[in-house]
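Participant: Generate a structure from the sequence data that follows.
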Amino acid sequence: MKIVNQVEDIVNRTLLPAGSRIYASGNAATPQVMFRQLAADRTICDVTLMGVLFLGDVAELFTEAACRRITHRIIFNSHHTREPANRGWAKYQLMHLGDIPMQVREYLKPNVAMLTVAGPDNGGNYSLGTTMEGVLAAIETVRANNGLVVAERNAQMPFVLGDTVPGAWIDYLLDTDYPLPVSPVQPPDEPARRIGRIIAGLFVKNRSTIQYGIGQVPEAVTDAILDKGVKDLGIHTELFADAMRRLVDEGVVTNRYTSTRNKFSIASIFLAGSGEGYDWLNYNSSVQSRPADYTNSILTIADQPNMVSINSAIGVDLHGNIWADSMKARQIYSGVGGQCDFIRGANLSKGGVPIIALKSLTANGVSKIVDMCPEGITTTAIAADPVVIVTENGAFDPRGLSISERAIGIAHLASPAVKDDLLKKIYDSPEFHHEKGAPPAGVPKGFHPYDAV
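Facilitator: Numbers count the residues shown, from 1 in each chain. Below is the predicted model:
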């Protein structure tokens, strides 16, 4: 390893010639100093940059001009990459989070890895900080092909325990010191709180293993879990955020009954709403970081007892198609992520349940429960996936039900006015197999109204 003093020493046309294929850390571990230099050095051309959810002060790297020099392959969009991905300046990679390490090794094949690290520890090893996903696979692939591994050692990056890399695996190290990107969450509103109460009331119990992400609904689920007094939870997740930290601090999470019984929570990505959250992660043995092909392996997820997986969506149609990465056929909002991994893994878990939780209306009052999904849209769960869907109006479990019974139950998840319109469409439609006439009164099969929870 060589320690350098200037970013120009490691981000330049000599070390990154045309044809270079770079895999970079993303999320809060985006190597911001190197990214800004990559944007500033216009002699670096015809290179490819790949990664997941790039955050921080790196907007200049994703301008139209920068995208003419650099081919971006975006696995999961951030606010920086959404416009390039939707205007043809960048390439969007459809990829399950659990598949990233394999695709990095077998198909993407980077020859440069750009990292943010913390360390070393007493063994001379470096933490990959707040993101693991496909980064370790990228490092191993680069080293196997005599490529280049360059890293920023950010003084504010926590040393997250788990998989680490020896110092000998890093070719160049640049010391930096800047705050990590934060992801603050607004306090849950009433619809989110209702969703949280439904999920905790019906599905989370003592010794459950949980997975969820960041946002108002995860915060509301955490509140409801604490109110319920659940004990001995485990955490096996792709994203660990402040909501889960609260459960650890309250002693609700013990990990005593997860399949590994390692007494620590496992995640692949870590985000916090403040610097305090990142400080909490530093050498904290209650959490460990693992690659995405472990955290998001369907087999590993299925091995967790009572796996309760909670993810969000942009919309749901009456068949049960769910979309979370795109707004319409070719307008990509985020990415496939790990939703499918956890849906299928939780379904195979003994006592497990996969949940999609969403408010019934957008902030503009548009229904997220619709008759048919937008034409040509990519779906993150198909109608046959046995997913429990939850809105503030109730929970619907489709397992064991016909397509018409599913449609009726899903319609009841919508806001009252929209529900009536959807039910009319169902009962007026010759394609659904049911008795014709007005919808019957009462609670349909599989539906649990909020007031009954």
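
Participant: And Phe62, its phi and psi?
Facilitator: With angles defined as degrees, to the nearest 10, Phe62 sits at phi -120, psi 20.

Participant: Skipping adjacent residues, who's closest to it in space?
Facilitator: His80 (4.7 Å; C-beta to C-beta, 6 or more residues apart in numbering). Glycine gets a C-beta too; all of them are placed from N, C-alpha and C.

Participant: what does Val252 give?
Facilitator: In space, Val252 comes closest to Leu233 once its chain neighbours are excluded; the distance is 5.4 Å by C-beta to C-beta, 6+ apart.

Participant: which residues does the residue nearest to Leu61 when sequence neighbours are not counted contact?
Facilitator: Distance criterion C-beta to C-beta, 6+ apart; nearest residue to Leu61, sequence neighbours excluded, is Ala39 at 4.1 Å. Taking C-beta atoms under 8 Å, 6 or more residues apart in numbering, we find Ala39 in contact with Val58, Glu60, Leu61, Thr63, Ala66.

Participant: Buried members of those residues into ChimeraX, please.
Facilitator: In ChimeraX, this line selects whichever of the contacts of Ala39 come out buried by 16 or more other C-beta atoms under 10 Å:
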select :58,61,66
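
Participant: can the contacts of Ala39 go into JSON lines with extra columns for secondary structure?
Facilitator: Converted to JSON lines, those look like this (DSSP: H, G, I helix; E, B strand; the rest coil):
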{"residue": "Val58", "secondary structure": "coil"}
{"residue": "Glu60", "secondary structure": "helix"}
{"residue": "Leu61", "secondary structure": "helix"}
{"residue": "Thr63", "secondary structure": "coil"}
{"residue": "Ala66", "secondary structure": "helix"}
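
Participant: Out of the contacts of Ala39, which is nearest to Gln186?
Facilitator: Nearest to Gln186 among these: Val58, at 24.4 Å, using C-beta to C-beta.

Participant: Now that closest one. Its backbone dihedrals?
Facilitator: With angles defined as degrees, to the nearest 10, Val58 sits at phi -130, psi 20.

Participant: Surely it and Phe35 touch.
Facilitator: Yes - between Val58 and Phe35 a contact is recorded at 4.3 Å, counting by C-beta atoms under 8 Å.

Participant: can you give me the end-to-end distance of stretch 384-401?
Facilitator: End-to-end distance for stretch 384-401: 11 Å, by C-alpha to C-alpha, to the nearest Å.

Participant: average model confidence for it?
Facilitator: Here stretch 384-401 scores 96 as its mean pLDDT.

Participant: one step back: got the phi and psi for the residue nearest to Leu61?
Facilitator: With angles defined as degrees, to the nearest 10, Ala39 sits at phi -70, psi -40.

Participant: Same question for Gly315.
Facilitator: When read as degrees, to the nearest 10, the backbone of Gly315 gives phi -160, psi 160.

Participant: where does it land on pLDDT?
Facilitator: Predicted confidence (pLDDT) at Gly315: the value is 95.

Participant: mind checking how far it is from Gln288?
Facilitator: According to C-beta to C-beta, to the nearest Å, Gly315 and Gln288 sit 35 Å apart.

Participant: The two - which one has more neighbours?
Facilitator: Neighbours of Gly315 and Gln288, each counted by other C-beta atoms under 10 Å, are more numerous for Gly315; the result is 21 against 17.

Participant: Pretty sure that one sits against Lys328.
Facilitator: No - using C-beta under 8 Å, Gly315 makes no contact with Lys328, being 10.1 Å away.

Participant: which neighbours do the two share?
Facilitator: The overlap between the contact sets of Gly315 and Lys328 (C-beta under 8 Å, 6+ apart) consists of Pro374.

Participant: which stretches of the stretch 1-150 of the chain form strands?
Facilitator: 2-4, 21-24, 47-52, 70-76, 91-92, 112-117, 125-127, 148-154 (DSSP state E, counting those that start in this stretch).

Participant: helices or strands up against the fourth one?
Facilitator: This means strand 70-76. Judged by 3 or more C-beta pairs under 8 Å, 6 or more residues apart in numbering; DSSP states H and E, the packing partners of strand 70-76 are strand 47-52, helix 82-86, strand 91-92.

Participant: of all the ones you listed, which lies closest to Lys228?
Facilitator: For the helices and strands packed on strand 70-76, the distance to Lys228 is smallest for strand 47-52, at 33.5 Å, taking C-beta to C-beta.

Participant: Alpha carbons of that closest one, in PDB - could you do that?
Facilitator: Extracted C-alpha coordinates of strand 47-52, given in PDB (Å, rounded to 0.1, in the frame of the first residue of the first chain):
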ATOM      1  CA  VAL A  47     -14.100   4.900 -18.700                       C
ATOM      2  CA  THR A  48     -17.000   3.100 -17.100                       C
ATOM      3  CA  LEU A  49     -18.200   3.700 -13.500                       C
ATOM      4  CA  MET A  50     -20.500   1.300 -11.700                       C
ATOM      5  CA  GLY A  51     -22.100   1.200  -8.300                       C
ATOM      6  CA  VAL A  52     -25.200   1.500  -6.000                       C
END
